[in-house]
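Asker: here is the input, now give the coordinates:
(chains A and B)
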Amino acid sequence: MIKIWSMKKNEDAAAKKKPKTSAAQIRVQKDLTELDLPSTMQTHFPDPNDLLNFTLTITPDEGMYKGGAFKFSFAINTNYPHDPPKVKCLQTIYHPNVDLEGNVCLNILREDWKPVLNLNSVMVGLQYLFLEPNADDPLNKEAAIEMSKNRDQFLSNVKSSMNGRNIKGVQYDKVSVS
Amino acid sequence: MATAELTTTQKPDWAGRYFHIDQVLNSGGPRTDPQFAAGDEVKKFLRETSKILVIGAGGLGCEILANLALTGFKDIHVIDMDTIDISNLNRQFLFRPKDVGHSKANVAAEFIMKRVPGVKVTPYFGKIQDKGEDYYMQFHLVICGLDSVEARRWINATLVNMVDESNPDSLKPMIDGGTEGFKGQARVIIPTVTSCYECSLDMLNKPTAFPICTIANTPRLPEHCIEWASVLEWPKVFADKKLDTDDPEHIGWLYKVAAARAAEFKIEGVTWSLTQGVVKNIIPAIASTNAIIAAACCNEAFKIATSSAAYLNNYFMLIGTESVYSYTFEHEKRADCPVCGGEAVDINLKSDTTVEQLIDILIEKQDIQIKKPSLSTSTKQIYFQAPPQLEQATRPNLEKKVSELVPDGGDITVTATTLPFNLSIRITYSS
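Answerer: A predicted model of the protein is given here:
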């Protein structure tokens, strides 16, 4: 058997750490404690001891979704950051890139996720969806068609959906805070 | 206990069994390692002392087990949590149709012992996570033929964490093989000495994922229809039931739904096996790629166990998709690797030092240059600088004594914006 220990002696002490904390946990701690969120975004931990499950509330201060408070759940698994966090919208909202089940179409949550990205990038990406909804990548097709064909109607639909009205048979959650 | 085992397993080796291998072990050459103990000593270690663990008894595992047994390893352990599926039989040659449904580890162990007399294979039918450090500590070497990133990360972190400076036997070389179609890789990881699996995590190709809006609106491929069924329809229809990709009923439901969607969009090619392949992220396995990679891994195991030749340093890749291309290089350790990187410092505190004082000590330490550190143990948060809710929740800890939160000799994980890596501090107390 090779005598690895003899080569080991020449190494510096860098290797003597012995963390029992998992790599995913350390990475989440780093991501969370370095979050640099604007006042329009707030995290909430239902169980402060569980860093892997929390919610994010986005309250856009400009754009057509201004005045709403949008809640998302974040679920991080032990294979983070190889696997992206699972993010869902907790309310039924009228948005071209969010479907009625709360699925979100954001490239970095799926096909463009990379381990170099972090929770901050995902959160900023989510907020961007409310500032610049994208009708080209629709999840709520009707909202997307309305947005590109009839912008005024779309804007008024956004407003009334945020007040908890019913649009074309779909009951939306009241998300407006004012 | 030794006598009972002797009668069943230590059958005499057949004549000439080691003729070829012994050519390598009988004498060194000008370039063999000076530690190489040619002759009886190395043979005795290989055949009587060494204990090797094979993780995975699938495509790579079957090849690895056969190679090890024939090279002269005689105390082999194998772990696999899977049972044999009929689709395995084309390449997992230790299994026969009658074995379908049985444990891969058990069947493989029995087959090898029957085929290669004198070899003892001890199977464990279960997860690697079922076993703790005391189990992994008994082996000299670990070879992995795994198919999941998660399992590799787990065993890698476990072996790195086992390294104890004061106990040379705690260092277990790990040889990791992997294949994907015509491509493969073999690497040698010497925990804490070479780069580890986690160091190279960002080199991994991400599994194919399609934009969710494409799946929802403009499916063009059969895969889009299958993902529509699994990602969007399943959670909608079965809100509380988790999709089990090993349950044929679940796959059957997905197949039915995906096929209906494909018909609607006039897409061809949705089949039961494609459905299973997409949701389980199965990459076509090629028997001969497995054979090449397993052979490379086993030669490294042999060289490490015997010192008869220089072993791989540390990453071999095989690309068979463009002719045959291979490249061997030294993958470097990452200073900020959360498993083997970072820095470790010992800090001695008075037993009445508070968390706030500890933070001040860290900030004042010239050699680490830390600002705004966040602290935790493996089970609880001590103090978090952000986000606001967690800062508030952990703020009361600032006034507490460190000794109330961390036992003597306990570790604290420190992260900070200014630290490109994580820092681990071991706390000891002086009275």
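Asker: so where is chain A shaky, pLDDT-wise?
Answerer: A:2-20, A:178 (pLDDT under 70).
Asker: what segments of chain A are strands?
Answerer: Applying DSSP state E to chain A gives strands spanning A:41-44, A:53-58, A:70-75, A:86-89, A:166-167, A:170-171.
Asker: just name whatever secondary elements the first one is in contact with.
Answerer: Applying 3 or more Cβ pairs under 8 Å, 6 or more residues apart in numbering or on different chains; DSSP states H and E, we find strand A:41-44 packed against strand A:53-58, helix B:388-394. (Each C-beta comes from the backbone N, C-alpha and C, glycine too.)
Asker: closest one to B:Gln276 among these?
Answerer: Closest approach to B:Gln276 among the helices and strands packed on strand A:41-44 is made by strand A:53-58 (29.7 Å; Cβ to Cβ).
Asker: any buried residues in the closest one, and which?
Answerer: Going by neighbour count (16 or more other Cβ atoms under 10 Å in any protein chain shown), the buried part of strand A:53-58 is A:Phe54, A:Leu56, A:Thr57, A:Ile58.
Asker: after the helix or strand containing B:Ala109, which helix or strand is next?
Answerer: According to DSSP states H and E, B:Ala109 maps onto helix B:104-115. Toward the C-terminal end, the helix or strand that comes next after helix B:104-115 (DSSP H and E) is strand B:120-125.
Asker: show me what that following strand is in contact with.
Answerer: B:5, B:9, B:57, B:65, B:69, B:74-81, B:103-106, B:108-110, B:112-113, B:130-131 (Cβ atoms under 8 Å, 6 or more residues apart in numbering or on different chains).
Asker: listing partners with orientation, what would you give for it?
Answerer: Strands that pair with strand B:120-125, judged by DSSP bridges, come out as strand B:75-80 (parallel).
Asker: show me the contact partners of the strand it pairs with.
Answerer: Applying Cβ under 8 Å, 6+ apart, the set of residues contacting strand B:75-80 is B:50-58, B:61, B:65, B:68-69, B:103-105, B:108-109, B:112, B:119-128, B:131, B:139.
Asker: for B:Arg334, list the residues it contacts.
Answerer: B:Ser195, B:Glu198, B:Cys199, B:Gly341.
Asker: can you check B:Trp154 too?
Answerer: Going by Cβ under 8 Å, 6+ apart, the list of residues near B:Trp154 reads B:Ile128, B:Gln129.
Asker: would you map the strands across the stretch 301-431 of chain B?
Answerer: For the stretch 301-431 of chain B, the strands defined by DSSP state E, counting those that start in this stretch cover B:315-319, B:325-329, B:343-350, B:374-376, B:381-383, B:411-415, B:423-430.
Asker: do the fifth one and chain A meet at all?
Answerer: In this case it means strand B:381-383. Yes. Using Cβ under 8 Å from any Cβ of the partner chain, we find that strand B:381-383 touches chain A at B:Gln381.
Asker: what of the third one?
Answerer: Yes. Under the criterion of Cβ under 8 Å from any Cβ, chain A is reached by strand B:343-350 at B:Glu343, B:Ala344.
Asker: so what does that strand touch, helix or strand wise?
Answerer: helix B:355-364, strand B:423-430.
Asker: what does the first one rub up against?
Answerer: Spelled out, it's helix B:355-364. Identification of contacts with helix B:355-364 by Cβ under 8 Å, 6+ apart yields B:347, B:349, B:353, B:368, B:370-371, B:373, B:375, B:382-383, B:397-402, B:405, B:414, B:425.
Asker: nice, that's everything, thank you.
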